[in-house]
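**Q** I need the structure of the sequence given here:
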Amino acid sequence: MRFAPTLDPASSPVPAAMSAPADTSVAPVAPSLGRRPLPAWVGAFGLTLGQGALALGLSLFLALPLVAILAKSVTDANGDWAGLSVVLGIIGADGFLGMVGRSLTVGVVTMMLVVPCAYAFAYALTRSRIPGKGLLRTIALLPLLAPSLLPGIALVYLLGNQGLLKGLFGGATIYGFWGIVVGEAFYTFPHALMILLTGLTLADGRLYDAARAMGAGPLRTFMTVTLPGTRYAVFSACCVVFTLTVTDFGVPKVVGGDYNVLAMEAYKAVVGQQNFPKGAAIGILLLLPALLTFVLDRRLRARQGAQLSGRAQPYAAGANCRRDAAFLLLAGAMAGFLLLIIGVAVWASFVKMWPYNLSLSLRSYDFDNMDGGGWLAWRNSLELAFCTAVIGTVVVFLGAWMMEKVPARSASSRGLRGVLGMLALMPMAVPGLVLGLGYIFFFNGAANPLNVLYGTMPLLVLCTVVHFYTSAHLTAATALNALDPEFEAASASLKVPRLTTFVRVTLPMCLPAALDVARYLFVSAMTTVSAVVFLYSPSTVLAAVAVLNMDDAGFIGPAAAMCSVIMASSAVAALLLHLASRALVARSQAWRRPAAL
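**A** Residues are numbered from 1 along each chain as shown. As a prediction, this is how the structure comes out:
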């Protein structure tokens, strides 16, 4: 029987802040209920205006830059129409197809290395009884706090021409194919892990009970129950790892050597050669694998369906000492590798002069006396991260609320919502390097009145919000869809405006997710390189870009020091937001606690 909204506080799920007065001796109409409701057209107009503003913003800062990069790829250096001759000329150039093959090879090998390791790590955290799960999970997610150049810098100190462990590998250096693969594995591991953790967490314990009752052993149970149940998560992880690897130029920039890849070629075409049509053409080519994997992932997700029914039972791992010992050893080895990469980079930042004087010093942290950006870059990154977290969280949650919780009654509203849904998912399929190239061609054009934004902090903030919009939007939409729709029904029966319900009920209940979005946007803004490397000016240089500039100038110690500063800043911000989340949730959701009798 379907639940019917009621004003009875004893049976209504509405929080105490919205429940009807309990004292029947008082006048039954509260002051808020005596307010004359607004006409229906006012709410419809406000909804259309809000959705239209969000669609206009995403079109202006996402769709039009992509159109600009497409238009640039079919023009020559003089701006004249060239059709496909520019793209065909680049494809037909000597060595280009080999570079494409190298990029695809790096992506596939990294994917085949990272996804099984991340799956084993996630399995250890969700399907075993190993000790220290919280610590292992924290270590596994640490690479998210660092820019993609950090693993390359650490590998130079470990296996470079004067590396610590060079002798153990017969004098072979890390520059080239395997250097890129190992660095990208470090960079993409936590992204795959988070997806696989979600897939392995959604398990119905009844399936495993049935498998044991039928005499299936651990291996057969894994092949017939666990792996089929997580196949969509595995495919999503493969798509993410492959796309991030193919479109990243941070690791190839540091340890690529002569092993040139597409992302690095696009960076050199724009920054080194000032060949913008070539950069645009390569950007279009980089967009193709990202779009393909995105479309395939969305199609498989649409076919996935629900993994848990209402009668599902949580899965609890049984006792198995041999299994737990094996997974503890495996997870410990992976965590040790991640700590080795991070620890070497941090330690190298305190070395006085590598490799001649290994005494500790703060010399590398004297950023103001060397090229790259100095402490100004760090302050700019903090400003960018703070503004991105605040503005992005507000825009993301308002946009998700308008799409998920406000009904669209007219045909125009439904059409606008469909366009908005498509635009909200587009950033996931656009690599940061391609988005940054699009911003150059669109906002740096003399005919564009918005060219005054180029090189300014507001444009950096807008670019970063758009770049990471999809993940934040999906988080907010998931949190909003978890709320019972009867909250809105009860609010409508009380004639409370929708915006008031959003501020006083919906947002406080979704506060943990909102703070998760803010933390994600802050850390992403601190570490991003590809989307903003073409957009900064001398006064708005960022810390992650300063790492790139220091490495170009040969200041590898200061580059490691700036990476350490970025990691420390991201960790402190994440910890503060976590503590704020606990305090604010305890205060804003006190109604969840049972009342004292």
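**Q** the nearest residue to Leu462 once chain neighbours are set aside in helix, strand or coil?
**A** Among residues not flanking Leu462 along the chain, Phe61 sits closest, at 5.2 Å (CB to CB, 6 or more residues apart in numbering). Where you see a C-beta, it was placed from the backbone N, CA and C, and this is true even at glycine. Using DSSP: H, G, I helix; E, B strand; the rest coil, the structure places Phe61 in helix.
**Q** and the gap between Phe61 and Val182?
**A** Per CB to CB, to the nearest Å, Phe61 is found 35 Å from Val182.
**Q** and what of Gly455?
**A** In terms of CB to CB, Gly455 sits 35 Å off from Val182.
**Q** of these two, give the one with the bigger neighbour count.
**A** Val182 (23 against 16; other CB atoms under 10 Å).
**Q** give the buried residues for the one helix or strand the more buried one maps to.
**A** Assigning secondary structure by DSSP states H and E places Val182 in helix 177-201. Buried residues in helix 177-201, counting neighbours by 16 or more other CB atoms under 10 Å, are found at 177-197, 199-201.
**Q** next one: stretch 360-373
**A** Arg363, Ser364, Tyr365, Phe367, Met370, Gly372, Gly373.
**Q** contacts only, for the last one.
**A** Just to be clear, that refers to Gly373. The contact partners of Gly373, taken as CB atoms under 8 Å, 6 or more residues apart in numbering, are Phe367, Asn380, Val541, Leu542, Ala543, Val545, Ala546, Asn549, Met550.
**Q** look at the second one and say how many residues are nearby.
**A** Asn380 has 21 neighbours, counted by other CB under 10 Å.
**Q** ok so it is a helix residue?
**A** Yes - per three-state DSSP, Asn380 lies within a helix segment.
**Q** measure it to Val533 for me?
**A** Asn380 is 14 Å from Val533, by CB to CB.
**Q** centre of the chain to the helix holding Val182, how far?
**A** Counting by CA atoms, centre = their mean, to the nearest Å, helix 177-201 is centred 13 Å from the centre of its parent chain.
**Q** over to stretch 442-456?
**A** Per CA atoms, centre = their mean, the centroid offset for stretch 442-456 relative to its chain is 27 Å.
**Q** what is the end-to-end distance of it?
**A** End-to-end distance for stretch 442-456, by CA to CA, to the nearest Å: 15 Å.
**Q** buried residues, that stretch. List them.
**A** Applying a neighbour-count criterion of 16+ other CB under 10 Å, one finds Phe442, Phe443, Asn444, Leu453, Tyr454, Gly455, Thr456 buried in stretch 442-456.
**Q** any idea of the mean pLDDT in that stretch?
**A** The average pLDDT within stretch 442-456 is 87.
**Q** ok, residues contacting that stretch?
**A** Contacts for stretch 442-456 (CB under 8 Å, 6+ apart): 60, 64-65, 67-69, 439, 459, 462, 535-537, 540.
**Q** buried ones among those residues?
**A** Buried among these by 16+ other CB under 10 Å: Leu64, Pro65, Ala68, Ile69, Tyr439, Leu459, Leu462, Leu535, Tyr536, Thr540.
**Q** and Leu328, how many neighbours?
**A** 18.
**Q** what are the contacting residues of the strand or helix carrying Val156?
**A** For Val156, the element it lies in under DSSP H and E is helix 149-159. Residues from elsewhere that reach helix 149-159, judged by CB under 8 Å, 6+ apart: 143, 163-166, 169, 172-174, 179, 182-184, 186-187, 250-251, 253-255, 340-342, 344-345, 348, 354, 529, 544, 547-548, 551, 556, 559-560, 563, 567.
**Q** list buried residues within those.
**A** 143, 163-164, 166, 173-174, 179, 182-184, 186-187, 250-251, 253-255, 341-342, 344-345, 348, 354, 529, 544, 547-548, 551, 556, 559-560, 563, 567.
**Q** could you identify the helix or strand that succeeds the host helix or strand of Thr464?
**A** For Thr464, the host element (DSSP H and E) is helix 457-467. In the C-terminal direction, the helix or strand that comes right after helix 457-467 (DSSP H and E) is helix 469-481.
**Q** give the buried residues for that next one.
**A** Neighbour counts over helix 469-481 (16+ other CB under 10 Å) mark Tyr469, Thr470, Ser471, Ala472, His473, Leu474, Thr475, Ala476, Ala477, Ala479, Leu480 as buried.
**Q** what's the closest non-adjacent residue to the last one?
**A** Leaving out its chain neighbours, the residue that sits closest to Leu480 by CB to CB, 6+ apart is Glu404, at 4.6 Å.
**Q** which residues does that neighbour contact?
**A** Glu404 touches Ala477, Leu480, Asn481, counting by CB under 8 Å, 6+ apart.
**Q** with Gly50 instead?
**A** So Gly50 contacts Leu398, Met402 (CB under 8 Å, 6+ apart).
**Q** for the contacts of Glu404, which one is nearest Ala429?
**A** Taking CB to CB as the measure, Ala429 sits nearest to Ala477 out of the contacts of Glu404, at 17.2 Å.
**Q** my guess is that closest one meets Ala400, correct?
**A** Yes - using CB atoms under 8 Å, Ala477 is in contact with Ala400, at 4.6 Å.
**Q** where do the helices sit along the stretch 251-400 of the chain?
**A** Listed in chain order, the helices found in the stretch 251-400 of the chain under DSSP state H, counting those that start in this stretch are 262-267, 276-304, 321-348, 374-404.
**Q** out of the ones you listed, which gets nearest to Gly83?
**A** Gly83 lies closest to helix 276-304 among these, at 11.8 Å (CB to CB).
**Q** check which residues of the closest one are buried.
**A** Neighbour counts over helix 276-304 (16+ other CB under 10 Å) mark 276-287, 289-290, 293-294, 297 as buried.
**Q** stretch 416-435 now?
**A** 416-417, 420, 423-424, 426-435.
**Q** for stretch 253-268, measure first residue to last.
**A** 10 Å.
**Q** contact partners of it?
**A** Here stretch 253-268 has contacts from 99-100, 102-103, 106, 149, 152-153, 155-156, 174-177, 179-180, 183, 246-249, 252, 279, 282-283, 285-286, 433, 437, 530, 533, 548, 551, using CB under 8 Å, 6+ apart.
**Q** go on, stretch 82-102?
**A** By CB under 8 Å, 6+ apart, stretch 82-102 touches 73-76, 177, 259-262, 265, 277-278, 281-282, 284-285.
**Q** repeat that with 7 Å
**A** Applying CB atoms under 7 Å, 6 or more residues apart in numbering, the external contacts of stretch 82-102 come out as 73-76, 259-262, 265, 277-278, 281-282.
**Q** which stretches in the stretch 101-250 of the chain count as helices?
**A** Applying DSSP H, counting those that start in this stretch to the stretch 101-250 of the chain gives helices spanning 133-141, 149-159, 177-201, 205-213, 218-221, 227-229, 231-247, 250-255.
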